[in-house]
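J.: Build me a model from this:
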Amino acid sequence: MGRSRGVYNKVYTHELWAKVNQENKDILEDWLQEYRQQKKAKSTIDAYFQNARFILIYILKEHKNKSILEMNKKDFRNMSLWLSEECGMSANRVNTIKSTINSMLTYCENDDEYDYDTNMAKKIKGLPRERVKTNEDNFFFTYKEFIQVRDILVERGDLQNAVMWSIAFDSAGRRNEVYQIQKHGLLDGNKTNIVRGKRGKTFPLVYLNDTKELIRQYLEQRGDDDIDCLWYKGSGDNKSEVNKDALYTRILKCSDILSEVRGEKCNIFFHTCRHSRIECLLQGEDDRLKNPDGTNRKYTLDEVMVMAHHSDVSTTQSYAKDHSEDTIDDMFGF
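T.: As a prediction, this is how the structure comes out:
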């Protein structure tokens, strides 16, 4: 730790920090603000800040102070080499810093305010020594885990969060898109009202029949009110529409339940639902979606691209797991 601190002190100066791209500073602050809202420990947030500040100064010096959103795969590979070879950091330390950058860019990937679809830092593997756990370990949950979490929410009578969890998964919707859902007409079909996504795209979100039945139970439990939004707080005559940030707190509740299911702590957010749904459809894991012969339907990359409202198939591919080694094993019967 002392050696890492020495490297940090050699790279960081107040003068250099003052020159760092303001957009990068704003991204860092937005990301940390979300973690403050999640009530993460101050020591954790401080560590994230120091790691990220270290990298933003690196970008200033080595990449002409460009936006971190413009960094490509090669740039992040060079960053990893610089940390290990030029700075002499251990593999664990390099992987910890890489995890920080992954988390910050995943936030940008998911947040509607940023025109950023693919986390390029995530494409670079960590150094293969004493591997540290990163957010990528919890980046996907399985269809079976989705059902388990939903069933626990229903069993506890938390139908509003059960509906949110189910729609987020079924539709692969972003937080802002899910927030825009109105309650009217949801039982008439399998699509929501029109919502606005990234880059001004408009479309309805889709959900399956068991989710629609869950919506029916939730609306019955909720009772009559004049709130159009599907999401509310309070009870009786004191109901009111929640703000968009409230959905963060609610997905964290689902994260806690998933931790119970797994028997270990894990952190998931709306983008986790999106990644997991795309992977689920590509691998044919959803038992509710069948082929005529009764087998689970496996969707093509092009089909899932349309469903996820991506403009390029490579973006959709980046949301899924890398199964190239499995393909090679199947080719040669390993």
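J.: Now do the same for the residue nearest the centre of the chain: helix, strand or coil?
T.: Closest to where the C-alpha atoms of the chain average out (C-alpha atoms, centre = their mean) is residue 271, at 2.5 Å. Per DSSP: H, G, I helix; E, B strand; the rest coil, the local secondary structure of residue 271 is helix.
J.: Repeat that for residue 212.
T.: Taking three-state DSSP, the label given to residue 212 is helix.
J.: Please verify my assumption that it contacts residue 191.
T.: No - in this structure, residue 212 sits apart from residue 191 without contact. The criterion is C-beta atoms under 8 Å, and the distance is 10.1 Å. C-beta coordinates here come from the backbone N, C-alpha and C atoms, glycine included.
J.: so how far is residue 255 from the nearest residue to residue 148 once chain neighbours are set aside?
T.: Residue nearest to residue 148 in three dimensions, not counting chain neighbours: residue 261, with 4.9 Å by C-beta to C-beta, 6 or more residues apart in numbering. Separation of residue 261 from residue 255 (C-beta to C-beta, to the nearest Å) stands at 11 Å.
J.: what's the answer for residue 217, then?
T.: From residue 217 over to residue 255 (counting by C-beta to C-beta), the distance is 23 Å.
J.: More neighbours: which of these two?
T.: Taking neighbours as other C-beta atoms under 10 Å, residue 217 and residue 255 compare with residue 255 leading, 19 against 13.
J.: residues touching the more buried one, list them.
T.: Residue 255 makes contact with 266-269 under the criterion C-beta atoms under 8 Å, 6 or more residues apart in numbering.
J.: Wait, a helix at it?
T.: Yes - residue state for residue 255 (three-state DSSP) corresponds to a helix.
J.: what about the strands in the protein?
T.: Taking DSSP state E as the test, the strands found in the chain are 191-196, 202-206, 232-233, 240-241.
J.: what about the helices in the stretch 51-200 of the chain?
T.: With DSSP state H, counting those that start in this stretch applied, the stretch 51-200 of the chain shows helices at 73-81, 91-110, 143-155, 159-171, 175-179, listed in chain order.
J.: and the last one, what other elements does it pack with?
T.: Here helix 175-179 touches helix 159-171, strand 191-196, helix 246-262, going by 3 or more C-beta pairs under 8 Å, 6 or more residues apart in numbering; DSSP states H and E.
J.: how about a cut-off of 7 Å?
T.: In terms of contacts (3 or more C-beta pairs under 7 Å, 6 or more residues apart in numbering; DSSP states H and E), helix 175-179 is packed against helix 159-171, helix 246-262.
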